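Trainee: everything below, folded, please.
(chains A and B)
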Amino acid sequence: MSSVKKVTLKSSDGEIFEVEETVAMESQTIKGLIEDDCADNAIPLPNVTGHILSLVIQYCKEHTSSSDSNSSKSNEKLKAWDTQFINVDLNVLFDLIMAANYLNVKGLLDLTCQTVADMIKEKTPEQIRAMFNIVNDFTPEEEEEVRRENAWAFEISLKNNNVVDTFEVEESMAKELQTIKNMIEDNYTDSVIPLHNVTSDILELVIEDCKKHVEAAESESEPSYSLASKLIDDPLKA
Amino acid sequence: MDSSVDSHSLLQPSCEVKRKRSITSMNDLPDCVLMEILVLLSLPSVVLRCKWVSKRWFSLITTPHFARRFVTQHPHVHHPFSLIFYYPDCCSNQRLHITTNSETQNESELKPLAAYLHNKCDPNTSSLRASCNDLLLWCDRAEQMVQHCPPVTMVFYSIINPFTRQCLALPPRLVPHPHSSSLGLRVGIICSYDYNNDNQHSSSFRVVLIPWSISKFTTQFNVHIFSSDTGEWSDSVVLCPPNLDGFKLSLTPLSAIPYKGFLFWSIDGARLLGFDPYDSTCCCVIEKPVQLEQFQEIDCLGLCRGRLRTSQVSGYPYRNEHPCLRVWDLLDFDKDSNNNGGRAGGKWCLKHELYFNQMVSEKSPWLAQYVTRIFPFVSVLAFHPSDADIMYLTIQSKVVLCNLQSRTLEVFCDIPQSGLGHHFIRHALTFVLPSWPTPLPFTETGWHC
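Mentor: Presented below is the predicted three-dimensional model:
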């Protein structure tokens, strides 16, 4: 007979898990129940499915044994294990967040929240919405005002040839160039966009031209592409 | 009991326990959990981008509760700052310069801010007049109404937070003044944002205009005050502090510095006039620093580590001795003692006294040589907002960092294309980003009142 105390956990879909008490106590919620002597029978966890509960238990096992004087898990190894562990689908990640929150497992909540935060970092609002399926419920007028004031928040750099001659341009201007527009929409915005076929002076002229077109578009006239910008589009498309 | 037995086959789930097969998404997270994720991000990420994802995120981020949680999460954040000033270029046009570098901060943090201001504030038709933390007072334009007699000017001011890109136009104001130039009005802004306070008036500001007059104010003077709480301008007549024999606003249009609820302007005799825009009867004077050169005005007024700081370059250029840079901090300023005859408690304490011929430069020896020549043109630009040993000067089209402790001069940044008038650069405004950006108290539809 094992001398290690065990508790029984029951997931929302009826799966039963038997875990060592020390492992289960990684969850402050369960710890509270144990200390209040409510844990003689199986502890029902109606908010957590079996699949997620098993993952949580894995996490707790790993992190309990690391504080055990017998195991010599270094911090780096634990971090590496965490990174591997958290490499899951987005919906599993959110389930883990909800479970960690409900079960009050601080380490797991920090890990999962940081993972999501790392996904959000540096992304534009459009990208964030796309990634997490969030509906944009701002009115078109509100959006327009935000866009106008925030045009400079989304600066991108165009770099020509091998010369490090970067031009920072407003996103709306750069979108005038169809090719660059496509690159932006494919999420190139975080880096410098290289334009190998175009020299500095041509690029400067094109940017000047685009500026005028954007201004013209704002005053409701038809935007038209100049020859120079076609020069950019064509060789790059080839 | 074996823990690995899958008891699905044995246990029929009851009707109450549903098998959830729906996908959990970001939208299912409760607000408290979403907040825990968002506070892990950087300030620009949260305030410039996440705020605009959806209305739910917007309302979550714009609460004082979020600000508190964010500040707690990032306790050791530095406060990036920028010096903002105007200078004439080689074609005698006004240009705006906004510094974006520093030894410690990430340059890219301030670049969008500078880009926004450059785009918005044409230096030839408008001017940034005053600052308080991260809010700037911007005079968009001023129209002289020549047909009036006596002449009046209609002034258009806006408040800008260049970090969050909020810009709020104040109602235009008629001021009885003949000149549309900035010399005509002394202005100041004071703002406060207390995110430890959950009520609606946690963010508020006041803008004060004092029409300048060549003659002395002996008994009273007029001020125009804009209050964010009412959304309106009002006039006030303020009594001059007693026992003073009046005062004159100084010639150099240094912008007002907000300190301990007062706005301070420099007046004649190297003194300071303090005015409380929240209680317009309250006005005080701070006497000049003891070691100040006779008949000279102070060069620079600003804040450093939460203290009022002033400086003067003296013995220059018409005396035999070498120019000397002195810096004073105001100590023991006591708002309440100002009821005793209008003289506020508070004394200037000399913190640094540097002779130019003591200065050295590691990277740019020409700087050290330049300041020891017969007529060096050195102007004081600003103080470092949090480092008491550093201040900024302009020398020969460069912004120079002067370390008052180690007595060194190093080039901080270039002033591009500055023209002949480079030594007449107006004093810089200091933009400092607080731990949480100051929100402008208004909505798309109107004022929060």
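Trainee: pretty sure residue B:269 is touching residue B:285, no?
Mentor: No - if you go by Cβ atoms under 8 Å, residue B:269 and residue B:285 don't touch, sitting 9.5 Å apart. All C-beta spots, glycine's among them, are computed from the backbone N, C-alpha and C.
Trainee: for residue 98, what are its contacts?
Mentor: Just going to use chain A. Residue A:98 makes contact with A:47, A:48, B:24, B:28, B:29, B:33, according to Cβ atoms under 8 Å, 6 or more residues apart in numbering or on different chains.
Trainee: think we crossed wires, I meant chain B
Mentor: Contacts of residue B:98 (Cβ under 8 Å, 6+ apart): B:82, B:83, B:84, B:110, B:113, B:114, B:117, B:118.
Trainee: swap the cut-off to 10 Å and go again
Mentor: B:82-85, B:110-111, B:113-118, B:121, B:128, B:162, B:428-429, B:431 (Cβ atoms under 10 Å, 6 or more residues apart in numbering or on different chains).
Trainee: can you tell me which of the residues you listed are in helices?
Mentor: Secondary structure from DSSP state H places B:110, B:111, B:113, B:114, B:115, B:116, B:117, B:118 of the contacts of residue B:98 in helices.
Trainee: bridged to the closest residue to chain B within chain A, which residues?
Mentor: Ranked by Cβ to the nearest Cβ, the top residue of chain A for proximity to chain B is residue A:18, at 3.2 Å. Counting by DSSP bridges, residue A:18 forms beta bridges with residue A:8.
Trainee: ok, how many other residues are close to it?
Mentor: 16 (other Cβ atoms under 10 Å in any protein chain shown).
Trainee: which non-adjacent residue is nearest residue B:358?
Mentor: Of all residues not flanking residue B:358 in the chain, residue B:407 sits nearest, at 5.3 Å (Cβ to Cβ, 6 or more residues apart in numbering or on different chains).
Trainee: for residue B:189, give its distance to chain A.
Mentor: In this view, residue B:189 and chain A are 20 Å apart by Cβ to the nearest Cβ, to the nearest Å.
Trainee: measure that residue to residue B:377 for me?
Mentor: Applying Cβ to Cβ, to the nearest Å, the value for residue B:189 to residue B:377 is 30 Å.
Trainee: related to what we said a few turns ago, out of the contacts of residue B:98, which touch chain A?
Mentor: Among the contacts of residue B:98, the ones lying near chain A by Cβ under 10 Å from any Cβ of the partner chain are B:111, B:113, B:114, B:115, B:116, B:117, B:118, B:162.
Trainee: give me the lowest-pLDDT entry from the residues you listed.
Mentor: Lowest pLDDT within these is found at residue B:111 (82).
Trainee: these two touch, right, it and residue B:100?
Mentor: Yes - the pair residue B:111 / residue B:100 is scored as a contact, 5.3 Å apart, by Cβ atoms under 10 Å.
Trainee: when those two are compared, which one has more neighbours?
Mentor: Comparing residue B:111 with residue B:100 by other Cβ under 10 Å, the one with more neighbours is residue B:100, at 20 against 16.
Trainee: which one of the ones in helices among the contacts of residue B:98 has the most neighbours?
Mentor: residue B:113 (25 neighbours).
Trainee: so that residue makes contact with residue B:433?
Mentor: Yes - using Cβ under 10 Å, residue B:113 is in contact with residue B:433, at 8.5 Å.
Trainee: got any residues that touch both of those two?
Mentor: Listed as contacting both residue B:113 and residue B:433 by Cβ under 10 Å, 6+ apart are B:44, B:80, B:82, B:134, B:161, B:162, B:163, B:164.
Trainee: which ones among those residues lie within strands?
Mentor: B:82, B:161 (DSSP state E).
Trainee: lowest pLDDT pick from the shared contacts of residue B:113 and residue B:433?
Mentor: Scoring the shared contacts of residue B:113 and residue B:433 by pLDDT puts residue B:44 last, at 85.
Trainee: now that one: closest residue in space that isn't a chain neighbour?
Mentor: That would be residue B:109: by Cβ to Cβ, 6+ apart, it lies 6.9 Å from residue B:44.
Trainee: and that neighbour, what is it in contact with?
Mentor: B:42, B:43, B:44, B:78, B:80, B:82, B:100, B:102, B:163, B:433.
Trainee: could you measure from it over to chain A?
Mentor: Separation of residue B:109 from chain A (Cβ to the nearest Cβ): 12 Å.
Trainee: ok, residue B:224 to residue A:106 distance?
Mentor: 54 Å.
Trainee: what's the answer for residue B:114, then?
Mentor: 41 Å.
Trainee: report how many residues lie close to residue B:160.
Mentor: Neighbours of residue B:160 under the rule other Cβ under 10 Å: 25.
Trainee: what sits opposite it in the beta ladder?
Mentor: residue B:136, residue B:167.
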